[in-house]
Each structure stands twice: as C-alpha cells, then as structure tokens.
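Engineer: sequence first, predicted coordinates after that:
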Amino acid sequence: MNSHFRLTYNRTLISTEYAELREKLHAPIRNAANVVIHQTITELFLETFRAQVDLNRPYTLPSGQEVEPCIGCMQAPAGTKLLRLCHAEGADTESECQQCFCRPMWCLSCLGRWFASRQDQQRPETWLSSRVPCPTCRAKFCILDICVVN
Ligand SMILES: [Zn+2]
Ligand SMILES: [Zn+2]
Ligand SMILES: [Zn+2]
C-alpha cells in the first residue's frame with residue numbers, strides 16, 4: 001500500500017496523512033523508460049483505495065447469483081458489495097454508515113472514482129476517512145464497508 005494516503009483507525013476515529021502526497025504531486029513520476037507520467041490525484045487515490053479495500057473482508061455471492069457487468073463502465077465485472085462492516089469493526093456505535101441492500105453493481109475502479117468524485121477536491125487528506133452515498137441507493141458508506149466479491 002502506498003503511503004500517500006494512509007488510513008488508520010481506532011475505536012471511533014479514522015484519520016489520514018497527507019504530507020507525502022503533496023511531495024509526490026510536485027515530483028513527476030518516471031517509469032523505467034524515463035517517461036514522465038503525471039498521475040492525477042484521483043489515480044493516486046485509486047491505488048490506495050484498492051489496497052485498502054483488499055484488507056476488508058471479501059464477500060461471497062449467494063449461491064445462484066452471478067456477477068454482472070459493472071453498470072458504470074459495462075466492461076469489468078461488478079466486483080464490489082457494500083456491507084456495513086465498519087460498525088462491527090470496533091466499538092463505534094455512532095457510525096453514520098447505513099446498510100446498502102443493492103446487489104453488486106459496480107467494479108472497484110468505478111466505485112473508487114465515484115468515491116473520489118464525491119470528496120472535497122481541495123482536501124484529499126480527508127478522502128479516505130469520508131463517507132459517501134451508494135451511487136445506487138444513497139446509503140452512506142465508508143471505505144471499510146467495501147467488500148470485493150469473490
Ligand atoms: Zn466499472
Ligand atoms: Zn446501495
Ligand atoms: Zn462505514
């Protein structure tokens with residue numbers, strides 16, 4: 001997991017660090033061929049988003065249910081499911097997250113872009129810790145609630 005967005009959480013608090021991201025944004029990234037690649041902040045965020053979601057519990061589809069194509073890009077499989085897991089994670093009884101009852105409809109990239117797009121673009125340090133509405137039913141979720149469908 002890269003260090004530009006960092007998520008740590010204890011019983012009630014999720015916090016992020018942002019200092020290194022700033023540095024990276026000012027220092028263009030070079031690949032092996034020494035070609036400068038400018039990653040957008042959303043792309044940077046997506047790397048961290050994926051790594052974080054990988055740490056969450058996977059979701060197993062009920063038997064008989066098939067993975068559908070993502071309704072965002074119509075290409076990747078809809079490999080994510082929102083479950084209100086942050087609630088169970090610790091003693092955070094005040095969690096504002098809500099249970100989403102949608103079937104898996106989005107791939108992780110589309111969900112990550114949605115997640116980023118709903119944030120305060122001036123304050124990326126808050127992104128990982130924020131809640132956003134489910135793109136389909138509007139139930140609020142956080143990054144701890146995103147499960148990869150296996
Ligand atoms: Zn998609
Ligand atoms: Zn939903
Ligand atoms: Zn949550």
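Structural biologist: Nice, I can see it. As the structure is a prediction and not an experimental result, all values here were calculated from the model. Ligands and ions are numbered 1, 2, ... in the order given.

Engineer: count of residues packed around residue 45?
Structural biologist: Residues contacting residue 45 under the criterion other C-beta atoms under 10 Å number 22. Every C-beta, even on glycine, is put in place using the N, C-alpha and C of the backbone.

Engineer: using the three-state scheme, assign the closest residue to it other than its chain neighbours.
Structural biologist: In space, and not counting its chain neighbours, residue 45 is closest to residue 116: 5.1 Å by C-beta to C-beta, 6 or more residues apart in numbering. Residue 116 carries the three-state label helix when classified by DSSP: H, G, I helix; E, B strand; the rest coil.

Engineer: and residue 44, by the same measure?
Structural biologist: Classification of residue 44 by three-state DSSP places it in helix.

Engineer: what's the spacing between it and ligand 1?
Structural biologist: 19 Å (C-beta to the ion, to the nearest Å).

Engineer: the residue nearest to residue 45 is in contact with residue 44, isn't it?
Structural biologist: No. Counting by C-beta atoms under 8 Å, residue 116 sits too far from residue 44 to count as a contact (9.6 Å).

Engineer: quick one, helices of the chain?
Structural biologist: 19-26, 41-55, 86-89, 108-117 (DSSP state H).

Engineer: reformat those helices as JSON lines; add mean pLDDT.
Structural biologist: Rendered in JSON lines, the data for the helices of the chain read as follows (pLDDT from 0 to 100):
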{"stretch": "helix 19-26", "mean pLDDT": "50"}
{"stretch": "helix 41-55", "mean pLDDT": "90"}
{"stretch": "helix 86-89", "mean pLDDT": "67"}
{"stretch": "helix 108-117", "mean pLDDT": "94"}
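
Engineer: buried deepest among those, which one?
Structural biologist: Most buried of the helices of the chain, by mean neighbour count (mean count of other C-beta atoms under 10 Å): helix 108-117, with a mean of 20.

Engineer: do that helix and ligand 1 meet at all?
Structural biologist: Yes. Legend: contact between helix 108-117 and ligand 1 by C-beta under 5 Å from the ion is shown at residue 110.

Engineer: please save the CA atoms from that helix in CSV.
Structural biologist: Listed next in CSV are the C-alpha coordinates belonging to helix 108-117 (Å, rounded to 0.1, in the frame of the first residue of the first chain):
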residue,chain,number,x,y,z
LEU,A,108,-13.8,-1.3,-7.9
SER,A,109,-12.4,1.3,-10.2
CYS,A,110,-15.8,2.9,-10.9
LEU,A,111,-16.7,2.8,-7.2
GLY,A,112,-13.3,4.3,-6.4
ARG,A,113,-13.8,7.1,-8.9
TRP,A,114,-17.3,7.8,-7.5
PHE,A,115,-15.8,7.8,-4.0
ALA,A,116,-13.2,10.3,-5.0
SER,A,117,-15.6,12.5,-7.0
